[in-house]
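Colleague: predicted coordinates and the sequence they were generated for:
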Amino acid sequence: MRNFPLAASLLLAFSPLAFTTALAAQDAAPPAAAETAPAAEAPAPAPVWPFEASDLPVDPGYVFGRLGNGMRYIIRQNATPAGTALVRMRIASGALEETDGERGLSHFLEHMAFNGSKGIPEGEMIKLLEREGLAFGADTNASTGFENITYMLNLPRNDEALLGTALMLMRETASELTIAEDAVARERGVILAERRDRSGFQLRNFEDNVAFLAPQARYGRRLPIGTAEVLENATAAQIRALYERTYRPANTVLVVVGDYPVSVVEAAIRARFADWTPAGPAPAAPDAGPIDVELKGRTDIHLDPALPESVAISRLAAWRDEPDTLATRRQDALRSIGYAIVNRRLARLARGADAPFRGASYGTGDIFEAARITSLTVSSADGEWKKGVAAATREVNQALTYGFTRAELDEQLANIRTSLENGVKAAETRSNAVFAGAALALVSDERVPTTPEWALALFEEIAPAITPEAVWQAMREDAAPLAEPLIRFEGRAAPEGGEAGLRAAFDEGLALAIAAPVDNGPLAFGYSDFGPAGAVVSDTTEPRLGFREIRFANGVRLTLKKTDVRKDRIAFSLAVDGGDLMNTREAPLAVYLASSLSAGGLGKHSQDELASVLAGRSVSFGLNSDTDAFTTSATTTPRDLALQMQVLAATLTDPGYRPEGVERFRKNIDNFFNTLDSTPSRALGAASGRILSDSDPRFSLQPKDAFFALDYAQLRAAMADRLARGAIEIALVGDLDEEAAIAAVAATLGALPPREAAFIPRDDNRTRSFTPTRGDHRLTHKGEPDQALLQWVWPTTDDSDPAEDQRLELLGRIVRLELTDRLREKLGQAYSPSAGSNTSHHYPGYGTFAVSASVAADKTAATREAVDALIADLRAAPLDADVIERARKPYLEEYNNYLKDLGGWLGLAARAQSEPERLERFLAAPDVIRAITPADIHQAALRYLAPEAAVRFTVVPEAAGAKADGGSVAQ
């Protein structure tokens, strides 16, 4: 019944994909019965919903219903983000439903939903939604999988008219599509373009893996993207036949979650869908198999120049029908913890000195309802697979033989308990996406949505019985023994010894000495005293947004914003003077390793020890390098705020600089450079920085040897002074007690020695030029022979003028609309063309405007002509006002919803004191955006998008590129 293609997570043992609880009234309507209920003496009907056959208590905040025609619906009233809603329609048939002659037509049909229905002419659905403030892709989308097709609308407002529009469009999709032959012909190019873009080394690797594990399985021959032969010859009649067979009321579930009264939504659903016919049964679920679970002893070697080295050691087993019940969840909890402990041990090896692999994982999951698979997967640096396989095999063998320690179990229990407790405390402000995800998991995976309170209570009830022995035995019973396993190698070069060598390495790993694990007991965080708490010397409130702005005697600046948009959550952002502006022409990688600083741990704890020390606490550890600062941001809780501040202070005062951090960094360098030309986008990314900057080392990819030369000694020399003395600005937003937050910062960052008063401007390094050499650059890639990429890049300006910045942003959105219309819809040449403005905040006078399109290698000339024509039209005269509005309306809706979650508040608070002008820009933005006219856009195009001013990139397959320009910048 349930289908979990991946190993179960720990938290799934207690609750569905997301924690859910009742936000609606406690007397919410019970699950609706079928309108045509059988007589009392008739046999009991099959359950309408999976929870009807389960002993798990379904979350009462959901309202479940079924119309007389068999269509089901799920409604949840929710106000996070306030004034918004999500609408999802799931058709319970996907690519597996297709016949041999229909491969890819479910996905084709999904595209046709946007190409004409009885009520919406072809080409008008997207425009209609854009006028309502929904952006194509971000708010309006659809996806096709093996078993389902899902249509998605994200409503930026909660007015009833917009809900009516959304449901009207869903009904048009469900039963009213016209699927005209000429529309099919026009969309065919888009479908083939998407198939072309999705092809490549990753898809070939997936197909080879399926052919190895399940050569006869149906799912291996039913990839949703389909086959070129079917797609090139598909007719409207074929697509319509599939539509009529699968888009049926009994095969459809509608989900609406958001800030609407349930009664309003339910009435609207009934009014729109009750007359949908035919009311027959849903198609029978197709079999994804067959899979021979007795398969053993086979070996596969799959080589591709773009693939990093990896070995998978697996065994198949029969699928188990385990309905979602209390007994199943109890058992899931035990075995999931066992797998988590094994993976924790593997992670420790990957983080340690002389690590045998880059990463490894062990787990068991389902392959649809056809089989189960237990796998040990080892990812290694090129040529190190043998060492990795041996070490990982030994670790798993040791766990299966001797089990686990109490300390290992306690670490996992602490993490689970904290997550469940956090779920309870934050239950009131879970997002619409959380509830929609849980509803769809019920529909597709038969996973019963329960409340966070129930999930925590279940955990506490069974926790006393969760012993090392019980966890060990549960995992051993669940895992398929890796005797005579299936071994599959993927990478760039064949493994030494070939298939025999792979099997010998596994056998050698099994033969390595093992011993019972030693219980070392719990560890304590070694940083709690940073000196006397800092004194507050300034405490003011910014009146417009209510930011409380505090300065400590040592110069640290703290910005607070108390908001209840998310209960029990505090988002934080830390900025320390420094960042990429410390990179110079002479030392362009001076602080490149900053993002790997956390891999070196702290002075008193390695990174791996910190995972144990901080178990059960909602804290984060890490540092990144942004343009003008070293930064970190994450989310914690009021209970763990003080500890999170201690971790931040320890990061600045006592970084560990352990050599294993550099080892881990270096293990990824070869793979990065070996894939630089594996796809058109990778090839462009590798070369464009050098070309656009006239070989400025700060913006050009450096040679491989330069990265291997980096170490912590060099990093310490570059940034230690910044960590010790650089200006600090920290922001805390969320469900906080202001005085407690001030005290937590005062005892940590505020207690540090004096800091510099302001971020150093580094004006000498804020110079960034755009190459004066314009025109064409031809690059090559080694990916698919039919893939090409075109890009135009123009120089623009910085973001110092808010009005000009907004005009360029809106121009980018307009160009995206026009590219979609011209390249995708009219020409069928590009699946997802893009355009956008990037005005610099840090480099005076610098900015870029880029247009990109992935196209067929033999269509570059036609695409270039179409884009050039678009630019010419933009410069010839002002565009139609409707195009401007379709770009502007979603932009304004994004603004209106920006402060409805912590991320928006944090974005404003992060540098509110060092850059207060950002607040003024934000507050003024709506009026600035509304004031932009078609003439303004026309003038912006004239000012910046002159054809002769662009740098034009053409990335073609290596065989087609007679001469590449800058394709080997790393050499």
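Modeller: Nice, thanks for sending it over.

Colleague: how close does the nearest residue to residue 857 once chain neighbours are set aside get to residue 462?
Modeller: Among residues not flanking residue 857 along the chain, residue 788 sits closest, at 4.4 Å (C-beta to C-beta, 6 or more residues apart in numbering). Every residue, glycine included, has its C-beta placed from N, CA and C. To residue 462, residue 788 is 57 Å away according to C-beta to C-beta, to the nearest Å.

Colleague: who's more crowded, those two?
Modeller: residue 788 (25 against 17; other C-beta atoms under 10 Å).

Colleague: need phi/psi at that one.
Modeller: Main-chain torsions, residue 788, degrees, to the nearest 10: phi -140, psi 160.

Colleague: just the helices in the stretch 851-971 of the chain please.
Modeller: 860-876, 881-896, 902-909, 917-931, 934-944 (DSSP state H, counting those that start in this stretch).

Colleague: kindly apply the preceding question to the stretch 401-550 of the chain instead.
Modeller: Counting by DSSP H, counting those that start in this stretch, the stretch 401-550 of the chain has helices at residues 406-425, 432-445, 452-462, 468-478, 498-511.

Colleague: relative to residue 159, which of these is closest?
Modeller: helix 432-445 (16.0 Å; C-beta to C-beta).

Colleague: longest helix in the protein, by number of residues?
Modeller: helix 326-351 (DSSP state H).

Colleague: list phi and psi for the closest residue to residue 67 other than its chain neighbours.
Modeller: Spatially, and ignoring its direct neighbours in sequence, residue 67 is nearest to residue 274 (5.4 Å; C-beta to C-beta, 6+ apart). Backbone geometry at residue 274, expressed as degrees, to the nearest 10, gives phi -60, psi -30.

Colleague: could you pull out the strands for the stretch 51-200 of the chain?
Modeller: 63-66, 72-77, 85-91, 140-144, 149-155 (DSSP state E, counting those that start in this stretch).

Colleague: can you list the strands that the first one pairs with?
Modeller: Strand pairing for strand 63-66, determined by DSSP bridges: strand 72-77 (antiparallel).

Colleague: hey, C-alpha coordinates of the strand it pairs with in PDB?
Modeller: Only the C-alpha atoms of strand 72-77 are listed here, as PDB (Å, rounded to 0.1, in the frame of the first residue of the first chain):
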ATOM      1  CA  ARG A  72     -12.200  13.500  -3.300                       C
ATOM      2  CA  TYR A  73     -11.000  16.700  -1.700                       C
ATOM      3  CA  ILE A  74      -9.000  17.800   1.300                       C
ATOM      4  CA  ILE A  75      -9.400  21.300   2.900                       C
ATOM      5  CA  ARG A  76      -7.300  22.900   5.600                       C
ATOM      6  CA  GLN A  77      -7.800  26.400   6.900                       C
END
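
Colleague: what mean pLDDT does that strand get?
Modeller: Across strand 72-77, pLDDT averages out at 98.

Colleague: what are the contacting residues of it?
Modeller: Strand 72-77 is contacted by residues 23-24, 48-49, 61-67, 252-262, 265-266, 269, 273, 435-436, 439, 442-443 when judged by C-beta atoms under 8 Å, 6 or more residues apart in numbering.

Colleague: quick revisit: now the angle from the longest helix of the chain to helix 406-425?
Modeller: 120 degrees (axes from the mean of the first three to the mean of the last three C-alpha atoms, to 10 degrees).

Colleague: which elements pack onto helix 326-351?
Modeller: With contacts taken as 3 or more C-beta pairs under 8 Å, 6 or more residues apart in numbering; DSSP states H and E, helix 326-351 sits against strand 359-367, helix 385-402, helix 406-425, helix 452-462, helix 468-478, helix 607-613, helix 659-666.

Colleague: direction included, what does the first one pair against?
Modeller: Strand 359-367 has the following sheet partners, assigned by DSSP bridges: strand 371-379 (antiparallel).

Colleague: centre of the chain to stretch 473-491, how far?
Modeller: In terms of C-alpha atoms, centre = their mean, to the nearest Å, the centre of stretch 473-491 is found 29 Å from the chain centre.

Colleague: need the pLDDT of the closest residue to residue 875 other than its chain neighbours.
Modeller: The shortest distance from residue 875 to any non-neighbouring residue, by C-beta to C-beta, 6+ apart, is to residue 941 (4.9 Å). Here, the pLDDT recorded for residue 941 equals 98.

Colleague: give me the distance between residue 941 and residue 836.
Modeller: 14 Å.

Colleague: compare these two (neighbour count), which wins?
Modeller: Just comparing residue 941 and residue 836: by other C-beta under 10 Å the higher neighbour count belongs to residue 941, 23 against 16.

Colleague: any idea how far the more buried one is from residue 845?
Modeller: 20 Å.

Colleague: what sits against residue 395?
Modeller: Contacts of residue 395 (C-beta under 8 Å, 6+ apart): 342, 345-346, 349, 360.

Colleague: and if you look at residue 752?
Modeller: Counted by C-beta under 8 Å, 6+ apart, residue 752 has contacts 530-531, 534, 554, 556, 649, 652-653, 728.

Colleague: put together TSV for the residues you listed, with distance to residue 779 on each row.
Modeller: Shown next, in TSV, are those (distance: C-beta to C-beta, whole Å):
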residue	distance to residue 779
530	51
531	55
534	53
554	50
556	47
649	46
652	42
653	46
728	42
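
Colleague: quick one: which of those has the most company?
Modeller: For the contacts of residue 752, neighbours tallied by other C-beta under 10 Å; top is residue 728, 28 neighbours.

Colleague: that one touches residue 575, doesn't it?
Modeller: Yes: shown here, residue 728 and residue 575 form a contact pair, counting by C-beta atoms under 8 Å, at 7.2 Å.

Colleague: and residue 366, how many neighbours?
Modeller: 20.

Colleague: please apply the same query to residue 317.
Modeller: Neighbour tally, residue 317, other C-beta under 10 Å: 16.

Colleague: per-residue pLDDT, it?
Modeller: 98.

Colleague: over to residue 961?
Modeller: 57.

Colleague: next: residue 794.
Modeller: For residue 794, pLDDT reads 98.

Colleague: could you look up the SS state of the residue lying closest to it once chain neighbours are set aside?
Modeller: Spatially, and ignoring its direct neighbours in sequence, residue 794 is nearest to residue 849 (4.6 Å; C-beta to C-beta, 6+ apart). Counting by DSSP: H, G, I helix; E, B strand; the rest coil, the backbone at residue 849 sits in strand.

Colleague: correct me if wrong: residue 849 contacts residue 793.
Modeller: Yes: with contacts counted by C-beta under 8 Å, residue 849 reaches residue 793, the gap being 7.3 Å.

Colleague: overlap in contacts of those two?
Modeller: Common contacts of residue 849 and residue 793 (C-beta under 8 Å, 6+ apart): none found.

Colleague: and the helices and strands packed on helix 326-351 as CSV, adding mean pLDDT and distance to residue 945?
Modeller: Formatted as CSV, those follow (pLDDT from 0 to 100; distance: least, C-beta to C-beta, whole Å):
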stretch, mean pLDDT, distance to residue 945
strand 359-367, 98, 45
helix 385-402, 98, 50
helix 406-425, 97, 49
helix 452-462, 98, 52
helix 468-478, 98, 60
helix 607-613, 96, 48
helix 659-666, 96, 40
